[in-house]
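Q: Provide a 3D model corresponding to the input given below.
(chains A and B)
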Amino acid sequence: MSELISSNPRLLLMIQRFGIKLGFGDHSVEEVCIKDGVSVDLFLLICNVYSNQDYIPRPNDFEHIDMNGLIPFLLTSHIYYMDERIPHIEVHLNRIITDSQPKYGNMLKRFYEEYKKEVCKHFDYEEKTVFPYIESLRNGLVDSSYNIKFFKQNHSNIEDTLDDMMNILIKYLPGEILPKERIDISLHIMQLSSDLACHTLIEDRILIPYVESLENALR
Amino acid sequence: MKNKAKIIICETSEMLSTGLALFINSNPQLNVVAQIDSSERLKEKITTVNADILIINPAMLGSNDNFLIKGIMQDFPHLKCVALIDSYISQNIQKQFHDVIELNDSSQKVITKLTELLIKDESETHEANEDLDLSKREIDVLTAVAKGLMNKEISEQLHISIHTVISHRKNISRKTGIKSVSGLTVYALINNLIDETEVYK
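A: Okay, here's the model as predicted:
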């Protein structure tokens, strides 16, 4: 496990959301997963997508993997973004807002408020519509009014607006406004943006094909 | 093209790199001037040989190199970047390149792709060299977008087709690097194109 983490330290963000506890010493991935009640195969599948943006699981992979933990993992990720990352960036942003002219302050505040709404809506749709649909599929119930295709076609990415924010902070806001703070916050935004990109990949590469295979099996 | 186009191939597999060079050199207008197997000091290399085309395998670029290609394109606006694809590469990455060469492309296809890039270059140089400032019409559209108008309303107000509005919007996003409406609003405010009171009612 420690070798895995040092090969890609970004996985630290993800193991926490799996409920894997630190302090695993020299135990193997399998040992740690079993101890913390995580499916080893699912864990590795997500690690692969997380570490390699070109990784595509084979459709029949899902047949042999215990997928129970997937939706709880995605839900925990949502909570992590909403309750930790986004407020954290907001704290930094507020420092910039209070210390710059009201003209800039107000617009940054508005911008971030709108971004929060966008993310909230995105997650809300997944939590209230998509995930319940998948749960019922997993219980063998076919809800003919919904199809994962709807999700596949409309699954927007929520990193673009963050990239806009980076551009605004770095390229367009006048140079004299709090450069140190702006660099600091940019690093946080970059990290969140790349983490969200991985999150979207997990949904596109694992969740959607998995649900498609469930749908096919039931129809 | 008066002179031979100078091409750099950046690919770890010697077999691929040499094979591709053979294909390319068979055309009298094209000339592979360097084959390198790492993306280190790529920019230096491009400057030294004054390359026209860079063919690079995106698989060689680590996740930290996401901006490398973009950076190269900005530093060398005349350089054409072509991806050499030998494994799955996401569309997002492919889109960054001017064109894509795939493993099963025939030699003819490779040459056509490269020569077409060079022709395009000659006819579009003026346009491509334009700096990233927005045109007057783009500023009109940007201002309208920032005020919260929809494409249809903008097209009526400016007496242009919706298609033209959309193409202006694409160019605005390309030039500013900002895609979202809320981001464009901020951009317009910073540049004093609109007043606060016009947006946040």
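
Q: Going by C-alpha atoms from here, please, whenever you check contacts or count neighbours.
A: Will do.

Q: mind listing what the residue of chain B found nearest chain A touches?
A: Nearest residue of chain B to chain A (CA to the nearest CA) works out as B:Ile178 at 4.8 Å. Going by CA atoms under 8 Å, 6 or more residues apart in numbering or on different chains, B:Ile178 touches A:Thr161, A:Asp163, A:Asp164, A:Asn167, B:Ile172, B:Leu184.

Q: Need the per-residue pLDDT for residue 118.
A: All of this refers to chain A. At A:Glu118, the predicted lDDT confidence score is 93.

Q: looking at chain B here, not the other one
A: pLDDT for B:Leu118: 83.

Q: Now do it against A:Ile96, distance only.
A: Distance, B:Leu118 to A:Ile96, using CA to CA, to the nearest Å: 47 Å.

Q: Have a look at these two and say which one is more surrounded.
A: A:Ile96 (22 against 19; other CA atoms under 10 Å in any protein chain shown).

Q: residues in contact with the more buried one?
A: A:Ile96 makes contact with A:Gly105, A:Ile177, A:Leu178, A:Glu181, A:Arg182, according to CA under 8 Å, 6+ apart.

Q: From these, keep the buried residues only.
A: A:Gly105, A:Ile177, A:Arg182 (16 or more other CA atoms under 10 Å in any protein chain shown).

Q: Contact partners for B:Ile154?
A: Here B:Ile154 is in contact with B:Val141, B:Ala144, B:Val145, B:Ile162, B:Val165 (CA under 8 Å, 6+ apart).

Q: After the helix or strand where it lies, which helix or strand is next? Please name it.
A: Assigned by DSSP states H and E, B:Ile154 falls within helix B:151-158. Reading on from helix B:151-158 to the C-terminus, the next helix or strand found by DSSP H and E is helix B:162-176.

Q: same for the helix or strand following that next one, what does it pack against?
A: Next in sequence after helix B:162-176, counting helices and strands by DSSP H and E, comes helix B:181-190. Applying 3 or more CA pairs under 8 Å, 6 or more residues apart in numbering or on different chains; DSSP states H and E, one finds that helix B:181-190 contacts helix A:102-125, helix A:160-167, helix B:136-146.

Q: To B:Lys4, which of the ones you listed lies closest?
A: Minimum separation from B:Lys4 across these (CA to CA) falls at helix B:136-146, 37.6 Å.

Q: State the mean pLDDT of that closest one.
A: 93.

Q: Against which helices or strands is that helix packed?
A: helix B:151-158, helix B:162-176, helix B:181-190.

Q: let's see it at 7 Å
A: helix B:181-190 (3 or more CA pairs under 7 Å, 6 or more residues apart in numbering or on different chains; DSSP states H and E).

Q: who's in contact with the helix it packs on?
A: A:Met107, A:Phe111, A:Asp164, A:Met165, A:Leu173, B:Thr143, B:Val145, B:Ala146, B:Ile178, B:Ile194, B:Asp195, B:Glu196 (CA atoms under 7 Å, 6 or more residues apart in numbering or on different chains).

Q: just curious, which of those residues is nearest to A:Ala197?
A: Closest to A:Ala197, out of all of the contacts of helix B:181-190 and judged by CA to CA, is A:Asp164, at 14.6 Å.

Q: Name all residues that make contact with that closest one.
A: A:Asp164 touches B:Gly177, B:Ile178, B:Lys179, B:Gly183, counting by CA under 7 Å, 6+ apart.

Q: at 8 Å what do you get?
A: Taking CA under 8 Å, 6+ apart, we find A:Asp164 in contact with B:Gly177, B:Ile178, B:Lys179, B:Ser180, B:Gly183.

Q: Report how many residues lie close to B:Leu114.
A: Neighbours of B:Leu114 (other CA under 10 Å): 22.

Q: where's it relative to B:Lys45, distance?
A: 20 Å.

Q: Okay, now the unreliable bits of the chain?
A: Answering for chain A, as no chain was given. The model of chain A has no residue with pLDDT under 70.

Q: Not quite, go with chain B.
A: Short version for chain B, where the test is pLDDT under 70: B:1-2, B:62-66, B:121-132, B:200-201.

Q: Get me the contact residues on it for chain A.
A: B:88-90, B:177-180, B:182-183, B:186-187, B:189-190, B:196 (CA under 8 Å from any CA of the partner chain).

Q: Just the buried residues from these, in PyMOL please.
A: Those of these that count as buried under 16+ other CA under 10 Å are selected in PyMOL with:
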select buried, chain B and resi 89+177+178+179+180+182+183+186+187+189+190+196
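
Q: Make a markdown table from the residues of chain B next to chain A and add distance to A:Glu63 to it.
A: Formatted as a markdown table, the residues of chain B next to chain A follow (distance: CA to CA, whole Å):
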| residue | distance to A:Glu63 |
| --- | --- |
| B:Tyr88 | 23 |
| B:Ile89 | 26 |
| B:Ser90 | 25 |
| B:Gly177 | 42 |
| B:Ile178 | 42 |
| B:Lys179 | 39 |
| B:Ser180 | 39 |
| B:Ser182 | 43 |
| B:Gly183 | 43 |
| B:Val186 | 48 |
| B:Tyr187 | 49 |
| B:Leu189 | 53 |
| B:Ile190 | 53 |
| B:Glu196 | 56 |
